[in-house]
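> sequence and predicted model, in that order:
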Amino acid sequence: MLSIWQKILEFFRLWPLSLAEKCRLAFGSAVVGILALALLLPYIWMGQLVKKGLLDANNAKAKTLLLRMHFQPKEPSQGELSALDDTGAVMDPNNPEIRWFRFTKDEIEQFPELTEQQIAMIKALKTDEARDENIKLTRENRTLQSSYVRIFRANENCISCHNPQFAGAFSLNEPIGAVVIQSRGVGGDISKTMLLNRVWIVAAGLIGGAGAIVAFYWITQRVIFRPVRQLRALANNVAEGNLDIRSSIATRDEYEKLSDAFNHMLDGLQAAQEKLRAANKQLDAKIVELSERNIELFKANKVKSEFLANMSHEFRTPLNAIMGFAQVLRDKPKQLETDKGKRYIENIIASGNNLLNMINDLLDLAKTQAGRMELHIEQASVEQLCESLASSCSLMAKQKKIKVKTRIDSSIPLITTDVGKIRQILYNFLSNSIKFTPEKGTITIEARMLDDKTLRLSVTDTGCGIAKIDQQKIFEKFRQADGSITRQSPGTGLGLAISRELTAMLAGSIGLESEADEGATFWLDIPVTLNKQQESTPTNRPA
């Protein structure tokens, strides 16, 4: 049953109702009910007022006639008294609107001219000393008529006047007469009066109800629904992601408290969003950092694999040579006395030196990283240092027909530093240059002053050169421009890494200038005079 009514209301768009519609409907119903109850009593009372008006009008008529005339006593010799009209004359039987009757003391009066209703009214008034008059409305032949009855009782004035000497004597409060006023055709006036009264009552109710509804509509729109609409619009903006908006309701009531609570909630949401955004930013940074570290770990793992492969290859080659030549000499010891046997011994010594150099490189790298490498500061001549390096590498250079030149600035003073470490760095430069310079190439060792306190030592070759993308990684540990096992040039990839660590201990910087297929220049900048407090991290600055 409920669903049917609900469907009907939905069809007429009366369901579901908004808050405003519910308030209007509830208040309108309350106003109608209250006005109906409030106007019901006046509506009913208007009928009684009309009846009382008729009663007062007939009472006035009776009093007026009583002042004009007086009841005549009935003589014993006379018959029944005739009814008198309002002038005191005998009433015309054809005009019976107002009738006077005299009550006798010794007999029960009969009133043939009166109706049963009027006789009953007279009898009721005679027995009821609290009432003197009554009126009733009756409808006869579709005509409304009124019957007014009033009795008159004897008072002290009547007793003083009516005595046995002059007239019949009365006793106090004795009914002595009655007046009956019967009006026909009063329905029109009564109906008109009642209609006007009811019309005005209904009009007053409508005006009051309309005014109450208009006042309620204005109050609800301004006091109730406007803040609600503002909050709803604010909630819609928040739902769209705008957390910077705030409510500006200032009604000094519960809506303002609700608005403040809403703004406080938005402040909390915005703060939480900022924290979440910061946390996401930190998380993104951590993810990027982890990604970079993963890439570095991947590269390090790759470099480690290449290093292990290279080291096993580099170690295996001289060890195989040593083992092979030693086995030959063990099986044929007489060859030690021959030139061939001597060459075998020289190969064993050379292979052993290669192994020793690789082991020393690894140990030097471990010492520098552990901070256990010590400095031995002494004075030395740069010219002598460069000449000795050229001489020590002359044998390797002659094998490839490479010409080694030196170019030393005469203004260079004696340097105070760890000469052994400088020699080791420059030796790495020279060995790499010889290794990657083709036959009949040229290598130049140069020394010059950059300023009063800084010396630059450089080694320039005419070899294959180094591409830009490989110039940084060759200074890393276990890295070479070509790190594969199938590379043509041997080496562990530790020389330049050790050189960078040693340069840091010498408070200098290391770098290179090169283009692919155009040779390379490795340079070392160091202070002329080194103190132990001048140690710093290595940098690769341009020339």
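Yes, it's here. Residues are numbered from 1 along each chain as shown.

> packing partners for whatever helix or strand residue 327 lives in?
Here residue 327, judged by DSSP states H and E, is contained in helix 254-331. Here helix 254-331 touches helix 226-239, helix 339-370, going by 3 or more Cβ pairs under 8 Å, 6 or more residues apart in numbering; DSSP states H and E. C-betas here are computed from N, CA, C, even on glycine.

> can you give me how far that helix is from the chain middle?
36 Å (Cα atoms, centre = their mean, to the nearest Å).

> still on that earlier bit, format the helices and strands packed on helix 254-331 as CSV; extra columns: distance to residue 522 and mean pLDDT.
Formatted as CSV, the helices and strands packed on helix 254-331 follow (distance: least, Cβ to Cβ, whole Å; pLDDT from 0 to 100):
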stretch, distance to residue 522, mean pLDDT
helix 226-239, 65, 84
helix 339-370, 17, 77
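
> ok, which of these comes nearest residue 34?
Minimum separation from residue 34 across the helices and strands packed on helix 254-331 (Cβ to Cβ) falls at helix 226-239, 25.9 Å.

> how about residues contacting that closest one?
19, 245-249, 251, 255, 258-259, 262, 266, 269 (Cβ atoms under 8 Å, 6 or more residues apart in numbering).

> repeat the analysis, applying 6 Å as the threshold.
For helix 226-239, contacts defined as Cβ atoms under 6 Å, 6 or more residues apart in numbering pick out 245, 247, 249, 255.

> phi and psi next, for residue 445.
phi -100, psi 120 (degrees, to the nearest 10).

> spell out the secondary structure type for the nearest residue to residue 502 once chain neighbours are set aside.
Of all residues not flanking residue 502 in the chain, residue 421 sits nearest, at 4.6 Å (Cβ to Cβ, 6 or more residues apart in numbering). Here residue 421 is recorded as helix under DSSP: H, G, I helix; E, B strand; the rest coil.

> cool, and residue 114?
Three-state call for residue 114 (three-state DSSP): coil.

> gap between residue 40 and residue 215?
23 Å (Cβ to Cβ, to the nearest Å).

> could you do residue 371 as well?
92 Å.

> one more: residue 390?
Distance of residue 390 to residue 215, computed by Cβ to Cβ: 113 Å.

> of these two, which one has the most company?
residue 390 (17 against 12; other Cβ atoms under 10 Å).

> phi and psi next, for residue 513.
Torsion angles, degrees, to the nearest 10, at residue 513: phi -130, psi 120.

> who touches stretch 148-155?
With Cβ under 6 Å, 6+ apart as the criterion, stretch 148-155 contacts 58, 62, 118, 121-122, 125, 132-135, 170, 173-181.

> quick one: mean pLDDT for it?
When pLDDT is averaged over stretch 148-155, the result is 82.

> that stretch: how far from the chain's middle?
Distance of stretch 148-155 from its chain centroid, counting by Cα atoms, centre = their mean, is 89 Å.

> then stretch 422-441?
In terms of Cα atoms, centre = their mean, the gap separating the centre of stretch 422-441 from the centre of its chain is 68 Å.

> what are the boundaries of the strands in this structure?
Using DSSP state E, the strands found in the chain span residues 98-102, 133-140, 143-153, 175-184, 378-380, 403-408, 415-417, 442-449, 454-461, 509-514, 520-527.

> mean neighbour count added to those, as JSON lines?
Listed next are the strands of the chain as JSON lines, based on neighbours: other Cβ atoms under 10 Å:
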{"stretch": "strand 98-102", "mean neighbour count": "21"}
{"stretch": "strand 133-140", "mean neighbour count": "14"}
{"stretch": "strand 143-153", "mean neighbour count": "20"}
{"stretch": "strand 175-184", "mean neighbour count": "20"}
{"stretch": "strand 378-380", "mean neighbour count": "13"}
{"stretch": "strand 403-408", "mean neighbour count": "15"}
{"stretch": "strand 415-417", "mean neighbour count": "21"}
{"stretch": "strand 442-449", "mean neighbour count": "18"}
{"stretch": "strand 454-461", "mean neighbour count": "22"}
{"stretch": "strand 509-514", "mean neighbour count": "21"}
{"stretch": "strand 520-527", "mean neighbour count": "21"}
